[in-house]
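Chemist: My questions are about this predicted structure, shown below with the sequence.
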Amino acid sequence: MKHFLVYILLFFGLSVNLLAQTTLDTIHLPEVLLSESKIEIHAIGGKTETISPLLLGEGKTQTLADFLNKNGSIFIKQYGALATPSFRGTAASHTLFLWNGIPLNSLSSGMIDIGLLPANSFDQLQVAYGGSSSIFGSGAVGGSIHLNNIVSFQNKNEISLGLEKGSFGLASKYLELKHANNRNFLKLTYNNIQDDNIFSFVNTTKMDNPIEQNKHARVKSENLQAIFAYKYNTKNRVEVHFWKVQTEREIPSNMTVANATAMQYDDANRFLLKSSHIIGSGTLKLKQALMEEDFNYVDEPKNIDSKILAKSYISNADFSYCSKYFTVNIGAAFTHNKIESNNYQNGKREENEKAVYTSLQTNFQGFSSAISIRQQMHSTYKIPIIPSLGIDQKLTDFLSIRAKTNKNFRSPTFNERFWAGFGNADLLAENGWSHEAGFDVKLKGLAISATAFSLKVQDWIKWTPNEMGQWHPENIKQVWSRGIEGNLKYKMQLNSAELLLVGNYQYNQSTNEKGISTLDNSIGKQLIYSPFHKGNLTFILKENNFQLSINQSYNGSVFTTSDNKDRLDAYLLCDVALLYQFEELLFSFQLTIKNINNKTYQPYKNYPAAGRKLVATLNYTIN
């Protein structure tokens, strides 16, 4: 907490000084909003979604893992202290996370634990289904998730305070300060979460199935975000973003282990400086970022003390020129990665990546197209040219069709190449092609979409044992994922009441097409922890100051062995939330009941999940 107070004071000192220099000469100029995310420009032919604030609700401890698992067709793998996403049957490292356009994925593992990310910490949450490596680079194979902070130069002064208490030892404190006028923007957000995660469960691995307690599962997290922006005039502005996360967590064991002793400490610091400049009919965006990740895994009884310190220095320039019928994008990026670990050969590693990309979007009489090409150059291995093509055709006022094809890739991680005694420095980048086609129907209050997709990944990296029983990563797997996705949104106004119905469904068959030997029983079989069926349905009723939300999410059965002989049962969960806004008292109260039916289930083999959980949220806002 002491370190967070220092960061807050330093940031406010800088911001107040800048405000003092600019307030006296303020000129009232019209607002110009610049789109941050390329996803809106390059979504032609693909499936994208911007999450509604109504679905997010008021809860400050809701993680991105919980939200995405219950409000989309993404499957979330949750076990122990880790939660990772799976788009369209792909692995966790095939999902790219971007914070205001900057990659978040870990340099060491290629993944990110979304169980540590509060869903309400960002102004805009966007999900892009399918590959987009030609635009965003390595890792965008199955899909990408975009966490954006939106800057608006509209007069506003606001202070928000929040408290949250829940079952199993959950407690949270929340503070947000916001100041904005037509030249300056300042926002500071602080979130403190502690969750003991102590709940009872039936241990099905022991004789007589005794009732035990989930212990050694506490999570403590502090999250600080600060944003300052200054608008010189209608065409030029600069933004400074800072995001710090400190987490301490106990790593729980599965049902078969009596006592867990492992601890994990994460300390992430992220800085971003960006500017936007309108030049005639074009826009130039410049970004400079520093991403730092300090990881420490400790298990003293087992004499384990694993340390990783990773830093990325990222420079990005993007220019777009817009006319009535077409938009051209040209961009370049440079990344310097530096990592130190006591688990790596030689301890330290440094690498450089360069990338150039261009795209052309056209729009004429209801027909839109997008062609993109990316060339990424790595200091260690070769990466092929990455192209993509997407088209949209509007057939009627309410019906349109779309299609997209693109090549994707994922660079091997530092862990896969340099882990002492186990890494493989000769690994190739994973690559493959994805294709999709679909239609969209938009009527008054009703939106329906459907997408069919096919995704093949070559040189899939898999850890396998050698003749001595030692595990090594190799490019030996070929995976084919195909399926369909359906989405429905229905909104209706009934007097003073607003009704919203949102549904998502996915059928996915994701199979291994190549075995490691003639005796490999996984050929043609469904990948482990990849359900055939997944769906959810959310109903929201909002009238005046009252809001009722009901969410039902279904996760189909999953196989736990590559030969598909063992599986976990499917499960259906239901959450209910009641929200009331006390306008005169300036506060809101929300009561959420998770797993209201107290369903017993396992998201991962031998890892128990909590039963019914109550969470009370109190938010107080001063305008």
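Modeler: Looks like it came in fine.

Chemist: Not counting residues beside it along the chain, what's closest to residue 431?
Modeler: Using CB to CB, 6 or more residues apart in numbering and skipping the chain neighbours, the partner closest in space to residue 431 is residue 409 (4.5 Å). Where you see a C-beta, it was placed from the backbone N, CA and C, and this is true even at glycine.

Chemist: Secondary structure element for the one you found, which one?
Modeler: strand 399-410 (DSSP states H and E).

Chemist: helices or strands up against that strand?
Modeler: Applying 3 or more CB pairs under 8 Å, 6 or more residues apart in numbering; DSSP states H and E, one finds that strand 399-410 contacts helix 133-136, strand 386-394, strand 430-443.

Chemist: ok, and the closest non-adjacent residue to the residue nearest in space to the middle of the chain?
Modeler: The centroid of the chain falls nearest to residue 145 when counting by CA atoms, centre = their mean (4.3 Å). Distances taken as CB to CB, 6+ apart place residue 97 nearest to residue 145, at 5.2 Å, with adjacent residues excluded.

Chemist: Distance from the chain centre to the helix or strand where residue 247 lies, please.
Modeler: For residue 247, the host element (DSSP H and E) is strand 236-250. Centroid separation between strand 236-250 and its chain, computed with CA atoms, centre = their mean, to the nearest Å, is 15 Å.

Chemist: buried ones in that strand?
Modeler: Going by neighbour count (16 or more other CB atoms under 10 Å), the buried part of strand 236-250 is 237, 239-250.

Chemist: What strands line up against that strand, and which way round?
Modeler: When sheet partners are counted by DSSP bridges, strand 236-250 sits next to strand 219-233 (antiparallel), strand 263-279 (antiparallel).

Chemist: The residue nearest to residue 145 and residue 144 touch, don't they?
Modeler: Yes - between residue 97 and residue 144 a contact is recorded at 7.3 Å, counting by CB atoms under 8 Å.

Chemist: Of those two, which one has the most company?
Modeler: Comparing residue 97 with residue 144 by other CB atoms under 10 Å, the one with more neighbours is residue 144, at 27 against 21.

Chemist: who's in contact with that one?
Modeler: Listed by CB atoms under 8 Å, 6 or more residues apart in numbering, the contact set of residue 144 reads 39, 95-98, 127-128, 132, 136.

Chemist: circling back: going C-terminal from the regular element (helix or strand) spanning the residue nearest to residue 145, what's the next secondary structure element?
Modeler: Here residue 97, judged by DSSP H and E, is contained in strand 95-99. Next helix or strand after strand 95-99 toward the C-terminus (DSSP H and E): strand 102-103.

Chemist: now that following strand: how far from the chain's centre is it?
Modeler: The chain centroid and the centroid of strand 102-103 are separated by 11 Å under CA atoms, centre = their mean.

Chemist: List the strands paired with that strand, with their directions.
Modeler: Applying DSSP bridges to the sheet, strand 102-103 is found paired with strand 95-99 (antiparallel).

Chemist: For the partner strand, C-alpha coordinates in PDB please.
Modeler: Provided in PDB are the C-alpha atoms of strand 95-99 (Å, rounded to 0.1, in the frame of the first residue of the first chain):
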ATOM      1  CA  THR A  95      -5.200 -15.500 -27.600                       C
ATOM      2  CA  LEU A  96      -3.700 -12.000 -27.800                       C
ATOM      3  CA  PHE A  97      -4.500  -9.400 -25.100                       C
ATOM      4  CA  LEU A  98      -3.900  -5.800 -25.900                       C
ATOM      5  CA  TRP A  99      -4.000  -2.800 -23.500                       C
END
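
Chemist: Could you check how far the nearest residue to residue 464 once chain neighbours are set aside is from residue 559?
Modeler: Sequence neighbours aside, residue 516 is the residue nearest to residue 464 in space, at 5.6 Å (criterion: CB to CB, 6+ apart). As judged by CB to CB, to the nearest Å, residue 516 and residue 559 stand 18 Å apart.
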